[in-house]
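[1] Have a look at this prediction, sequence included:
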Amino acid sequence: MLLAAANAYIGLLVGLTVSASIPAAAASMGILRIFPRSNILENNMVQTSASAGESLVAGIIFTIPALVMMGAWEHYDYWPIFCIAIVGGFLGVMFTIPLRRALIVEAKLRYPEGIATAEVLKSGGIETNKQGEKQEENRQTASGLKILLEATGIGGAFKLAESGFGWLAGNIATTKAWFGDSYLFTGNFSLSPALISVGYIVGLNIAVLVFICGILGTMIGVPVNWAINSETIMTMVGIDPSTPFSQLTAGQWGALAWQSWNDCRRIGVGAMIIGGIWSLVSLFKPLVAGIKASLHVYESMANDGEGLSRTEFDTPIKLVAMGVLLGIIPVFLIFYYVMGDFPNKLMIALIMTVLMVVFGFIFSSVAGYMAGLVGSSNNPISGVTIATVIISALLLVQIVGKVGPVATLGPVLVLFLAGMICSAAAIAGDNMQDLKCGHCVGSTPWRQQLYQIIGVASAAIVIPFVLQILDDGYGIGRPSPMNPSGNFLAAPQAGLMCDLATGIFGAGIQWGYIYLGYLLAVILIVIDKIQEKRDSHFRFPVLTVAIGIYLPLGLSASIFVGGLLAHLVAKRSQQANEKTREARTSKGLLIASGLITGEALMGVLIAIIAAFVMPLPATIAAGAILGSLVLVLIIYYLYKRTMSTE
């Protein structure tokens with residue numbers, strides 16, 4: 001529940017979530033070591049359940065906030081969100097159970113976070129019972145928990161000083177109009193240890209791409225758009241186009257820069273659309289092969305399953321089929337309920353249910369396969385969600401049109417469907433990562449699959465509360481009515497889903513920018529294929545580039561700093577022995593995860609105070625300088641603590 005809340009905050013802030021498996025494993029080992037008979041399999045069960053909560057959050061925050069942003073909901077309704085989360089997550093687990101053997105055992109995909117978590121569990125270990133080894137393992141386990149808690153405290157303290165007391169600024173920003181007001185410049189930098197840590201975890205390749213695209217969108221896209229469409233932009237922000245530039249206030253220049261940037265970010269929308277489609281096309285053949293292999297394995301188990309090892313026992317296929325059938329019932333009821341008195345709601349609910357089952361299985365399989373290639377943190381589930389929104393919206397338009405009540409109801413149905421499918425896809429990737437970890441440490445698959453469902457249920461209970469708290473305290477996708485002057489959480493994917501769903505049903509889409517995104521995506525796909533053939537480590541994943549365009553520059557810049565720091569640590573560790581390199585890798589991930597968790601959990605706590613107790617204080621005059629200095633110290637701490645031998 002705690003990790004779900006933390007990832008809700010960081011995911012809404014930056015549009016990326018990070019795997020919770022390693023911090024969950026470290027915390028579990030630290031706590032369970034007080035029980036003499038605890039073992040590595042029990043710790044693996046804890047991280048399996050905890051990471052499920054983190055993954056489920058991604059499926060919800062990428063979609064459901066769009067309902068509030070478009071005005072369909074006034075606030076975050078508890079029961080609809082709970083039902084979408086638990087049904088989508090449950091089906092995501094069910095859909096990927098038949099794929100475990102094909103993707104993990106037969107295809108031997110990497111599943112990097114699963115392997116990394118297994119190494120953390122082994123190094124903290126509880127694998128042996130020899131007295132000397134046990135003492136060393138306990139020492140390492142205590143050290144790992146200490147590092148995690150230490151970093152969590154630092155991240156939380158920074159957020160408390162920044163938002164809680166106003167002593168530190170959370171952002172440095174400026175807007176200038178140069179060269180006779182023809183070049184509109186806007187730039188910012190987010191002072192956030194969590195964002196630095198996100199960049200550290202995703203690595204230099206992703207961080208560089210996100211930052212470069214932020215530069216292109218802000219420093220080139222904004223001024224070019226202003227130079228071409230200045231009158232239109234002024235009209236959109238409520239300024240008379242005949243007003244001389246010399247009479248514009250600093251606040252008006254800021255509004256103009258924001259509007260120009262908001263137009264340009266739609267290029268990222270176009271790139272995401274093509275990127276999502278390309279993900280499906282490129283995975284079609286291996287996905288079909290994986291499903292065939294899984295069915296073959298289940299047939300073999302039915303014939304001679306008596307001698308099967310404990311570590312090969314999945315949830316029986318009959319129970320999986322029954323689970324899917326039972327899951328279909330609430331899916332139908334959810335769609336039937338949301339349509340109220342709409343005519344033909346029985347037929348439409350049936351159609352949406354069929355779409356959920358078909359798309360849910362296909363996209364969960366895609367997400368499970370992709371997690372094996374790039375990991376859960378980099379898994380482009382937003383791409384398959386975009387495809388869901390577009391296909392289902394276009395299909396609904398053909399069935400019911402887009403005139404009258406359906407213009408409002410259609411986007412709601414589409415986003416309910418997208419929320420369930422995105423939740424299923426997110427859980428699918430996490431499920432496969434955890435099963436890979438279990439495969440490495442000797443766990444029983446069906447027990448892990450059960451614990452995934454427990455994790456889904458636990459997270460689903462708290463996610464609606466967390467969303468409402470964050471919206472009241474900060475605002476999601478727009479300023480909070482209760483804190484209109486604060487920095488709101490960007491929620492980039494939810495904003496994209498809102499634009500697509502409402503645009504297809506009649507609100508209109510700015511296709512010019514989206515077409516540019518199409519072109520950019522095609523170019524990037526070609527370049528990425530060339531890099532793949534060259535066996536280059538530096539790739540150009542389309543969806544990562546698209547997110548970079550869509551995110552504010554300040555977030556991208558902080559992520560870039562974290563990526564540089566990770567590269568520096570890796571470079572300085574090249575001459576060290578393998579054991580030292582592995583220790584530094586594990587320690588760096590723990591520290592970064594702790595900084596993220598601490599800032600995010602404190603952010604949720606402060607949001608509760610802002611929403612229900614008292615308004616947050618304004619930042620002091622020296623906040624920007626103090627915030628910058630403290631952030632530099634935290635960056636230095638992350639580097640030195642990672643490189644230390646303690």
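    Perfect, thanks for sending it. Numbers count the residues shown, from 1 in each chain.
[2] got the buried residues for stretch 469-482?
    Judged by neighbour count using 16 or more other Cβ atoms under 10 Å, the buried positions of stretch 469-482 are I469, L470, D471, D472, G473, Y474, G475, I476, G477, R478, S480, M482. For every residue, glycine as well, the C-beta is placed using N, CA and C.
[3] any residues touching stretch 215-234, and which ones?
    Stretch 215-234 has contacts (Cβ atoms under 8 Å, 6 or more residues apart in numbering) with 182-187, 240-241, 243, 256-257, 259-261, 263-265, 267-268, 548-549, 552-553, 556.
[4] Kindly supply the PyMOL command isolating those of the residues you listed that are buried.
    The buried subset of these, as determined by 16+ other Cβ under 10 Å, is captured in PyMOL by this line:
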select buried, resi 184+185+186+187+256+257+259+260+261+263+264+265+267+268+548+549+552+553+556
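[5] Which ones among the contacts of stretch 215-234 lie within strands?
    Among these, the members found in strands (DSSP state E) are Y183, L184, F185, T186, G187.
[6] what's near enough to touch the last one?
    The one in question is G187. Contact partners of G187, counting by Cβ under 8 Å, 6+ apart, are A173, T174, T218, M219, L553, G554.
[7] give me the number of residues near P484?
    10 (other Cβ atoms under 10 Å).
[8] For V412, give me its contacts.
    Residues near V412 by Cβ under 8 Å, 6+ apart: L67, A72, V338.
[9] in which helix or strand would I find the second one?
    Read it as A72. Counting by DSSP states H and E, no helix or strand carries A72.
[10] Surely it touches L413?
    No: A72 lies out of contact with L413 (Cβ atoms under 8 Å); the separation is 10.3 Å.
[11] Which residue of those two possesses the greater neighbour count?
    Counted by other Cβ under 10 Å, A72 and L413 do not tie: L413 has more neighbours, with 27 against 17.
[12] From L350, how far off is that one?
    L413 sits at a distance of 12 Å from L350 (criterion: Cβ to Cβ, to the nearest Å).
[13] Then A25?
    Distance from A25 to L350, by Cβ to Cβ: 43 Å.
[14] Those two: who's more crowded?
    Each of A25 and L350 has its neighbours counted (other Cβ under 10 Å); A25 has more, 29 against 13.
[15] give the contact list for the residue nearest to A173 when sequence neighbours are not counted.
    Once flanking residues are discounted, A173 sits nearest to N188: 3.6 Å by Cβ to Cβ, 6 or more residues apart in numbering. Taking Cβ under 8 Å, 6+ apart, we find N188 in contact with N171, I172, A173, T174, P552, L553, G554, A557.
[16] Swap in 6 Å and give it another go.
    N188 makes contacts with N171, A173, G554, as judged by Cβ atoms under 6 Å, 6 or more residues apart in numbering.
[17] for these, which one is nearest T585?
    Set against T585, the nearest of those by Cβ to Cβ is G554 (28.2 Å).
[18] So that closest one versus S163, what's the distance?
    G554 is 16 Å from S163, where distance means Cβ to Cβ.
[19] All the strands of this protein, residue numbers only.
    Under DSSP E, the chain gives strands at 171-178, 183-190.
[20] worst-scoring helix or strand of this protein, pLDDT-wise?
    Using mean pLDDT, DSSP states H and E, the weakest-scoring helix or strand in the chain turns out to be helix 266-304, at a mean of 67.
[21] quick one: low-confidence ranges for the stretch 351-500 of the chain?
    Along the stretch 351-500 of the chain, segments meeting pLDDT under 70 span 370, 373-384, 387, 403-405, 485-486.
[22] if we go to 50?
    Judged against pLDDT under 50, the stretch 351-500 of the chain has no low-scoring part.
[23] and if you look at the chain?
    Ranges of the chain meeting pLDDT under 50: 125-132.
[24] OK, contacts around the nearest residue to P411 once chain neighbours are set aside?
    Distances taken as Cβ to Cβ, 6+ apart place A501 nearest to P411, at 3.8 Å, with adjacent residues excluded. By Cβ under 6 Å, 6+ apart, the residues touching A501 are V389, A393, P411, V414, L415.
[25] so which of the ones in strands among the contacts of stretch 215-234 comes closest to S593?
    So of these, ranked by how close each gets to S593 (Cβ to Cβ), first place is G187, at 29.2 Å.
[26] Kindly state the beta-bridge partners for that closest one.
    Legend: beta-bridge partners of G187 under DSSP bridges are T174.
[27] Next, work out how far apart it and I547 are.
    Applying Cβ to Cβ, the value for G187 to I547 is 19 Å.
[28] who touches stretch 1-12?
    17, 20, 50, 53-54, 57-58, 61, 194, 458-459, 462, 466, 476, 489, 491, 596-597, 600-601, 603-604.
[29] about what we covered before: closest one of the contacts of A501 to P36?
    Set against P36, the nearest of the contacts of A501 by Cβ to Cβ is L415 (49.9 Å).
[30] Now do the contacts for A460.
    Residues near A460 by Cβ under 6 Å, 6+ apart: F82, A85, I86.
[31] now, among the contacts of V412, which is nearest to K436?
    Using Cβ to Cβ, these come closest to K436 at L67, 34.4 Å.
[32] Keep only those of the contacts of A501 that are in helices.
    Taking DSSP state H, the ones among the contacts of A501 that sit in helices are V389, A393, P411, V414, L415.
[33] Now flag whichever of those residues is closest to N344.
    Closest approach between the ones in helices among the contacts of A501 and N344, by Cβ to Cβ: V414, at 16.6 Å.
[34] Just list the residues touching that closest one, thanks.
    Taking Cβ under 6 Å, 6+ apart, one finds V389, S392, A393, A501 in contact with V414.
[35] Kindly reformat the residues you listed as a markdown table containing distance to I31.
    Shown next, in a markdown table, are these (distance: Cβ to Cβ, whole Å):
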| residue | distance to I31 |
| --- | --- |
| V389 | 41 |
| S392 | 43 |
| A393 | 46 |
| A501 | 43 |
